[in-house]
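*Asks:* would you be able to build a 3D model of this:
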Amino acid sequence: MDVLLMSTATTSMSPRLGRLAARVLTFLVLGIAALAITAPFLWIFRGALSGSDAELYRLPPTFDAGTLTVRNFGRVTEQVPYFRFFLNSIIVSTVVTAAQLITCSTAAYAFARLRFRGKGVLFALVIGSLMIPIQVTIVPLFLVMSKLGLTNTLWALILPGIFSAFGIFLLRQHFLGLPRGLEEAAKIDGAGQFRTFARIILPLSGPSIATLGILCFTYWWNDLLLPLVMISDTDRQTLPVGLVLLAGRFSTGSLGTIAAGITMAIVPVLVVFLAAQRYIVQSIASSGLKL
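*Replies:* Have a look, this model is predicted:
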């Protein structure tokens with residue numbers, strides 16, 4: 001009898017030990033991955049506070065608190081008009097994000113909830129545009145902006161970004177998951193398409209819209225190619241170009257100063273991302289995307 005009880009207890013404990021071991025292994029793997037991801041950022045932050053560039057070449061990296069300094073941040077503003085670059089990036093990223101939230105949400109609603117001839121073909125063309133990299137269209141885009149007289153202005157950076165095929169796809173996937181009974185109830189109450197969209201669909205789509213806003217803002221905040229091609233005046237450049245200017249023409253700039261500039265550039269985006277990361281996870285899970 002005792003042997004039978006011990007055998008039963010051992011059998012019941014085996015699944016628990018297996019689940020515990022799986023959980024420990026999962027946390028261990030995720031911890032190593034998180035360390036690998038955050039290590040470059042920690043190195044940049046350490047470089048921004050280093051008193052000498054020689055410290056950045058040491059292997060393994062050192063984190064001696066006695067050599068920390070904030071002088072590199074002052075050197076950034078001395079070498080380039082950093083705050084002007086920062087303002088230009090804020091203007092471009094904010095305007096493009098606001099425009100995409102409007103255009104993508106309305107187009108996605110039309111593709112997801114409305115019926116019209118040629119909808120499938122049009123949506124296929126929109127999705128097909130995702131396969132065309134911007135490097136292919138950058139020369140025609142520059143010629144168009146040149147004909148319009150918009151080169152060397154922030155409009156040359158804003159106008160190409162007001163439409164996003166990825167944003168339409170993301171929001172369309174979310175709209176397809178909403179029950180159609182909500183629209184039918186609104187139609188019975190006398191609401192039109194626009195009122196249904198504005199008063200019912202949008203309030204239920206907060207996580208997806210917030211996710212698109214964060215992804216759009218981050219992309220245009222970090223964009224380097226378009227400002228390099230469209231803008232020639234230094235005062236109208238954006239932050240990524242300013243970081244390149246910190247490196248110097250032959251990459252002879254101070255590593256500590258460059259790291260300080262990078263730190264000042266990524267902190268705002270990092271704060272926004274950490275504050276709204278739950279919206280990204282919720283939206284990706286509801287849309288069925290795999291990243």
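*Asks:* gap between the two ends of stretch 112-124?
*Replies:* 13 Å (C-alpha to C-alpha, to the nearest Å).
*Asks:* what mean pLDDT would you report for that stretch?
*Replies:* Taken as a whole, stretch 112-124 has an average pLDDT of 86.
*Asks:* and for stretch 235-251?
*Replies:* pLDDT averaged over stretch 235-251 gives 79.
*Asks:* just stretch 135-149 next, same as before
*Replies:* Average pLDDT, stretch 135-149: 89.
*Asks:* residues in contact with Ile158?
*Replies:* 92, 95-96, 99 (C-beta atoms under 8 Å, 6 or more residues apart in numbering). Yep, even glycine has a C-beta here, placed from its N, CA and C like the rest.
*Asks:* quick one: it from Leu28, how far?
*Replies:* Distance of Ile158 to Leu28, given as C-beta to C-beta, to the nearest Å: 46 Å.
*Asks:* same check, this time on Ala259
*Replies:* Distance of Ala259 to Leu28, given as C-beta to C-beta: 30 Å.
*Asks:* what about these two, which has more around it?
*Replies:* Ranked by neighbour count (other C-beta atoms under 10 Å), Ala259 and Leu28 place Ala259 first, with 24 against 10.
*Asks:* who's in contact with the more buried one?
*Replies:* Counting by C-beta under 8 Å, 6+ apart, Ala259 makes contact with 44-48, 50, 56, 72.
*Asks:* tell me the helix or strand right after the helix or strand where Leu30 lies.
*Replies:* For Leu30, the element it lies in under DSSP states H and E is helix 2-48. The helix or strand immediately downstream of helix 2-48 is helix 71-79, counting by DSSP H and E.
*Asks:* the next helix or strand after that following helix packs against which elements?
*Replies:* Remark: after helix 71-79, the chain's next helix or strand is helix 82-113, criterion DSSP H and E. If you count contacts as 3 or more C-beta pairs under 8 Å, 6 or more residues apart in numbering; DSSP states H and E, helix 82-113 packs onto helix 119-128, helix 155-158, helix 165-176, helix 206-222, helix 239-247, helix 255-287.
*Asks:* got the buried residues for helix 82-113?
*Replies:* Neighbour counts over helix 82-113 (16 or more other C-beta atoms under 10 Å) mark 82, 84-86, 88-89, 92-97, 99-101, 104-105, 107-113 as buried.
*Asks:* do you know how far Ile37 is from Leu215?
*Replies:* From Ile37 over to Leu215 (counting by C-beta to C-beta), the distance is 18 Å.
*Asks:* ok, those two, which is more surrounded?
*Replies:* Leu215 (19 against 9).
*Asks:* how near is that one to Val269?
*Replies:* Separation of Leu215 from Val269 (C-beta to C-beta): 11 Å.
*Asks:* before we move on, what about Ser89?
*Replies:* 10 Å.
*Asks:* anything in contact with each of those two?
*Replies:* Counting by C-beta under 8 Å, 6+ apart, the shared contacts of Ser89 and Val269 are Trp221.
*Asks:* so Cys216 is in contact with Ala98, correct?
*Replies:* No: using C-beta atoms under 8 Å, Cys216 makes no contact with Ala98, being 9.2 Å away.
*Asks:* just give me the neighbour total for Gly181.
*Replies:* Quick note: Gly181 (other C-beta under 10 Å) scores 8 neighbours.
*Asks:* what distance do you get for it to Arg195?
*Replies:* The spacing between Gly181 and Arg195, counted by C-beta to C-beta, is 17 Å.
*Asks:* what do you get for Thr234?
*Replies:* Taking C-beta to C-beta, one finds Thr234 at 48 Å from Arg195.
*Asks:* Phe85 too?
*Replies:* With C-beta to C-beta as the criterion, Phe85 and Arg195 are 42 Å apart.
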